[in-house]
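Novice: give me the fold of what follows.
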Amino acid sequence: MNVFAPLTHPAAPRAHHPLVPRWVAHLGPLGLFLVAIVDSSVVPLPIPGTTDLLLLLFVSHGGSPWLFVLSAVAGSILGGYTTWHLGRRGGEAALRRWVSPRLLRRIVGWVGQHPILAVFLPALLPPPIPLSPFLLASGALGVVRSRFLATFAAARILRYGLIAWLAVAYGRHVVRLWSAVLQKWSTPLLWTFSLVMVGGIAFAIVKLRRQTKTEAAEDRAIEATTARVS
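Specialist: Model (predicted):
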């Protein structure tokens, strides 16, 4: 079954399907799942709310709302859990590495006083509300894994469910607007998105490897100090 049947329907007007929906259509649920993982991680994406936009486009073009919401939620939970685990493992050092000093004190204070809301609200609200700093802080400050996953999943289900409903009800109007404004810029946007996404992933991998090496060196230093003392 082709979830993008409206794209290939003979009666469908070509003017309503510029390049962006066509290349988006080739991604499918797996592509949305992978983008959602990155979107909830510490890797910066070039367009804030990329998962929201892709979900809107998929469902607007005839994709199954249930299938694509499930893909977005599952990918987001995996990415969010990875970020929480990074904060849990790295502690305050991870927060200093990944969160700007301008936000660090506020986020730590908010997570310390309202651990559930500090996970729920950033996961529910759209940009410019930051997400990954709160997920890192929830891991570093000891928010229980089961509570974190339940809260984060509930917020993502509400958010992506609402977006899918909007896509079903009003999606075609949004796509027409998208087509009219961005049709001539679709190719540069595609290449920019791809390059920045690859660069962000590479940057995150390098930084994670450096963090792992630093932690290993610190562990060896502690072991050597302990051995000398004993």
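
Novice: roughly how far apart are the spatially closest residue to Leu53 that is not a sequence neighbour and Gly161?
Specialist: Counting by CB to CB, 6 or more residues apart in numbering, Leu53 lies nearest to Ile47, which is 6.7 Å off, once chain neighbours are set aside. Every residue, glycine included, has its C-beta placed from N, CA and C. Per CB to CB, to the nearest Å, Ile47 is found 21 Å from Gly161.

Novice: what's the answer for Ala154, then?
Specialist: In terms of CB to CB, Ala154 sits 11 Å off from Gly161.

Novice: one more: Ala140?
Specialist: Distance, Ala140 to Gly161, by CB to CB: 30 Å.

Novice: can you pull the pLDDT of Pro130?
Specialist: On pLDDT, Pro130 comes in at 88.

Novice: no, scratch that, I was asking about Gly112
Specialist: pLDDT recorded at Gly112 is 88.

Novice: which of Ala140 and Gly161 has more neighbours?
Specialist: Neighbours were counted for Ala140 and for Gly161 using other CB atoms under 10 Å; Ala140 has more, 24 against 15.

Novice: show me the contacts for the nearest residue to that one once chain neighbours are set aside.
Specialist: Among residues not flanking Ala140 along the chain, Gly87 sits closest, at 4.1 Å (CB to CB, 6+ apart). The contact partners of Gly87, by CB atoms under 8 Å, 6 or more residues apart in numbering, come to Ala94, Leu95, Leu135, Leu136, Ala137, Ser138, Gly139, Ala140, Leu141.

Novice: helix or strand for Pro128, which one?
Specialist: Secondary structure assignment for Pro128, by DSSP states H and E: no helix or strand.

Novice: contact partners for it?
Specialist: Pro48.

Novice: hang on, the earlier thing: and the residue nearest to Ala140, how far from Ala150?
Specialist: 18 Å.

Novice: now the strands for this structure?
Specialist: For the chain, no strands are identified by DSSP state E.

Novice: residue ranges for the helices of it, please.
Specialist: Under the criterion DSSP state H, the chain carries helices at the ranges 5-8, 19-39, 50-60, 65-98, 101-113, 115-124, 132-140, 145-182, 186-229.

Novice: and the ones you listed, which one is worst for confidence?
Specialist: Looking at the helices of the chain, the bottom one is helix 5-8 with a mean of 40.

Novice: contacting residues for the nearest residue to Ala153 once chain neighbours are set aside?
Specialist: Spatial nearest neighbour of Ala153, excluding adjacent residues (CB to CB, 6+ apart): Ile77 at 5.5 Å. Applying CB under 8 Å, 6+ apart to Ile77 gives the contacts Ser40, Leu149, Phe152, Ala153, Arg156.

Novice: burial measure for Leu70, as a count.
Specialist: 16.

Novice: and the gap between it and Pro29?
Specialist: From Leu70 to Pro29 the distance is 8 Å (CB to CB).

Novice: try Tyr81
Specialist: Taking CB to CB, one finds Tyr81 at 20 Å from Pro29.

Novice: cool, Phe134 as well?
Specialist: Counting by CB to CB - Phe134 and Pro29 are separated by 27 Å.

Novice: more neighbours, these two?
Specialist: Between Phe134 and Pro29, counted using other CB under 10 Å, Phe134 has the larger neighbour count: 30 against 19.

Novice: who are the contact partners of Leu131?
Specialist: Ser40, Gly80, Pro122, Ala123.
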